[in-house]
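*Asks:* Dropping a prediction and its sequence here:
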Amino acid sequence: MRIVIGEDDALLREGLALLLAAEGLDVVATAVDTDGLLTAVDEHRPDVAVVDVRMPPTHTDEGIRAAVRARRTHPGLAVLVLSAHVEQAFATDLLAGGARGVGYLLKERVGRVEEFLEALHRVAGGGTAVDPEVVAQLLTRTGTDAGLERLSAREREVLGLMAEGLGNSAIAARLVVSDGAVHKHVRSIFAKLDLAPSDEADRRVSAVLRYLRAA
Amino acid sequence: MTTAAVGAGPVRVVLTRARAGFLDLGRGLGTALTAALLTAWLIVVLALLPVGAGVLLAPSAVREVRRLAEVERARTGSPTLGPGPDRLRAAVTDRLWRRDLRWVLPHATAGLALGLLGTLLPVYAVRDLSFPLWWWLVPAGADASPWWWTVRTWPDALAVAGLGAGWALLSLAGLPVLARAQSGLSRALLHPPADVDLSLRVAELTATRAAALDAHAAELRRIERSLHDGTQNRLVGVNVLLGAARRALARNPAGVDDLLARAQTAIEEALADLRAVVRSVLPPVLERGLAAAVTGLAADCPVPCRVEVAVEPRCPASVEATAYFVVAEALTNVSRHARARAASVSLHRRAGVLHVAVDDDGRGGAEPGAGTGLAGVRRRVEALDGTLEVTSPPGGPTRVEVRLPCGS
């Protein structure tokens, strides 16, 4: 897997590069600002860009905007955004262009290397990885989506885990229920959100997007 | 309180004060000359009133009176009033405009005389002191003497130089006095009366309160930014390194030590950052009083620094913290930019006001303008209703002076 890192903090940039290299992943370039990041993406055509939200000059949301731009110019590019704190608006901006190959994680998740690598691989493979913290924030809000209102508490929980990017069996393990039970919940969610049965993966992504945009 | 700049000596102080007095008198002379012209103009307008032309000219004369009074108020440190009446009829019933008018003639006469005296004294001093250098160049037959006696011999010329020395001494001693008299006259006549002063004060308080809220928000943003950029980022880095170390334990135990060493360095940096942030919020050293805190700052300053503190009873915490940052910033500038050989810090509490002064004998030229640390200090000071004054002529010495009301 070819990776470009955009991170202005030297310690974290080198730490990440070190960690990923030790895992046998190919860090092809690192950048300290958004211009450098976009240039590196143009030049190296990586599979994934790992991007910090706050970068120079204003240290607000440069990373998000750069990620959105990079995905517009390179449609296949997967982006994993790292943030010091969760901000729902960031997640919404990021997912506005589709949830395929998008991740949004708290920086401290990187320390749990296995889970981080799993999320990285999922995003690189076109999946989604949304930080549980973001999902937890969303769970506490009452949405305005009528379809979401119809979901039961358990179905919301399952949808939340889907939003984190987990597959059915992982959700089953997390909730300590059978795969079949999860499968049933997922079908029920699709039905309540009026998602026509087409491609299973597309329906999952659509459900997650509805969920994330509702807050 | 000792106001002499350390290491500069009293001579330098006298010179600095005389120079400041001379510049003040020059500016006062400018407004006095304008006041004299204005007086003449007012007489003309008044004379033309019966024939009608005066009616047309009156509004500009009315406005000019206020404009000049405002310039003088700004010069002498009185609060300004803003634009006044536009018409003669409104002006004569306007109490404040009439006050302005009553100032014009005294300033055009007494103020003018003081200004002329103040500017002529140094001119005489220079001319007469240098007389022996050029008197013999004057063609024979013409009278070279600047005064009433005729200079024919070298002893005569030296006598003129002696007179010049007298003028010089008189200038040094007299210029600050003349300047004070000139601006004192204007201030007495132009300073807004108590009730007007009060409403100006309300406007000023409203502005400083807004500034206090701004300063507060800016301070919170600064703290958030430094916590994020320093401590938080470092800890995230440590977390990554520890994660990598755990993974390496199984595969490459030899590399673990390097990762742990890096993690430890990062933690030390995070702690140093955190310490700096904590100190910048409210220096813990202030718990032991302003005297101890400031003495500590002076001891850390690479330039030898004398400290003089008399601040009992203690001031409010916000005042102490601000005074501390004033001294810290001033001493940082002394060590970084001033090229000073010595500095002195003095803090005194008198009549409910904390006076802070930091002097150095460096090269001067400090600008409290935008983007400098002094600008930040000024915002902090003004938020507490205090004043900051920086005197730093090119060549030095520099004096940073702050007054902070202690609220009691």
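*Replies:* Cool, the structure landed.
*Asks:* With only the CA atoms kept, save stretch B:11-23 in PDB.
*Replies:* In PDB, the C-alpha atoms belonging to stretch B:11-23 read as follows (Å, rounded to 0.1, in the frame of the first residue of the first chain):
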ATOM      1  CA  VAL B  11      24.000  63.900  33.000                       C
ATOM      2  CA  ARG B  12      22.200  61.700  30.500                       C
ATOM      3  CA  VAL B  13      18.900  62.100  32.300                       C
ATOM      4  CA  VAL B  14      19.200  65.900  32.300                       C
ATOM      5  CA  LEU B  15      19.900  65.900  28.600                       C
ATOM      6  CA  THR B  16      17.000  63.600  27.900                       C
ATOM      7  CA  ARG B  17      14.600  65.800  29.900                       C
ATOM      8  CA  ALA B  18      15.800  69.000  28.300                       C
ATOM      9  CA  ARG B  19      15.500  67.400  24.800                       C
ATOM     10  CA  ALA B  20      11.900  66.300  25.600                       C
ATOM     11  CA  GLY B  21      11.100  69.800  27.000                       C
ATOM     12  CA  PHE B  22      12.600  71.400  23.800                       C
ATOM     13  CA  LEU B  23      10.500  69.200  21.500                       C
END
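*Asks:* Other residues contacting it?
*Replies:* Residues external to stretch B:11-23 that are found in contact with it (Cβ atoms under 8 Å, 6 or more residues apart in numbering or on different chains): B:3-5, B:118-119, B:122, B:171-172, B:175-180, B:361, B:391, B:393, B:397. Any C-beta I mention is one placed from the backbone N, CA and C, and that applies to glycine too.
*Asks:* likewise stretch B:44-53?
*Replies:* By Cβ under 8 Å, 6+ apart, stretch B:44-53 touches B:54, B:55, B:57, B:58, B:61.
*Asks:* just checking, next helix/strand downstream of whichever strand or helix holds the second one?
*Replies:* In this case it means residue B:55. Using DSSP states H and E, residue B:55 falls within helix B:53-76. Next in sequence after helix B:53-76, counting helices and strands by DSSP H and E, comes helix B:88-93.
*Asks:* Among the contacts of stretch B:11-23, which are located in helices?
*Replies:* Judged by DSSP state H, helices contain the following of the contacts of stretch B:11-23: B:118, B:119, B:122, B:171, B:172, B:175, B:176, B:177, B:178, B:179, B:180.
*Asks:* Could you point out which residue ranges in the chain have low pLDDT?
*Replies:* Since no chain was named, I'll use chain A. For chain A, the stretches with pLDDT under 70 are A:138-145, A:197-202, A:213-215.
*Asks:* wrong chain, I was asking about chain B
*Replies:* B:1-9, B:140-144, B:215, B:369-372, B:407-408.
*Asks:* can I see the domain layout of it?
*Replies:* For chain B, automatic domain parsing gives the domain ranges B:10-192, B:197-281, B:288-405.
*Asks:* Can you show me the helices along the chain?
*Replies:* The chain I'm using is chain A. Ranges of helices in chain A, per DSSP H, are A:10-22, A:34-44, A:62-73, A:88-95, A:113-124, A:132-139, A:146-149, A:153-164, A:168-175, A:179-192, A:200-214.
*Asks:* meant chain B actually
*Replies:* Taking DSSP H, the helices of chain B run over residues B:9-48, B:53-76, B:88-93, B:95-106, B:112-129, B:131-134, B:154-190, B:194-226, B:233-251, B:253-281, B:290-300, B:317-333, B:373-383.
*Asks:* near chain A, which residues of chain B?
*Replies:* B:225, B:228-229, B:232-234, B:236-237, B:239-244, B:246-248, B:251-252, B:255, B:259, B:262, B:266, B:269 (Cβ under 8 Å from any Cβ of the partner chain).
*Asks:* Quick check on those residues: which are buried?
*Replies:* When the residues of chain B next to chain A are checked for burial by 16 or more other Cβ atoms under 10 Å in any protein chain shown, the buried set is B:229, B:232-234, B:236-237, B:239-244, B:247-248, B:259, B:262, B:266, B:269.
*Asks:* Bridged to the residue most central in space within chain A, which residues?
*Replies:* Centroid-nearest residue in chain A, with Cα atoms, centre = their mean: residue A:103, separated by 1.9 Å. According to DSSP bridges, the residues that bridge with residue A:103 are residue A:80, residue A:129.
*Asks:* which ones are touching it?
*Replies:* By Cβ under 8 Å, 6+ apart, the contact set of residue A:103 is A:78, A:79, A:80, A:81, A:119, A:120, A:122, A:123, A:128, A:129, A:130, A:165.
*Asks:* OK, contacts around the nearest residue in space to the second one that is not next to it in sequence?
*Replies:* Nearest in space to residue A:79, with sequence neighbours left out and distances taken as Cβ to Cβ, 6 or more residues apart in numbering or on different chains, is residue A:67 at 4.5 Å. Contacts were defined as Cβ under 8 Å, 6+ apart; by that measure residue A:67 touches A:49, A:51, A:79, A:81, A:94.
*Asks:* separation between the second one and residue B:238?
*Replies:* Okay, so that is residue A:51. As judged by Cβ to Cβ, to the nearest Å, residue A:51 and residue B:238 stand 21 Å apart.
*Asks:* what do you get for the fourth one?
*Replies:* Note on residue A:81: its distance to residue B:238, by Cβ to Cβ, is 21 Å.
*Asks:* So for residue B:334, which of the helices of chain A sits nearest?
*Replies:* When these are compared by Cβ to Cβ, helix A:10-22 sits nearest residue B:334, at 32.0 Å.
*Asks:* Buried residues, the closest one. List them.
*Replies:* Neighbour-count burial for helix A:10-22, counted by 16+ other Cβ under 10 Å, picks out A:11, A:12, A:13, A:14, A:15, A:16, A:17, A:18, A:19, A:20, A:22.
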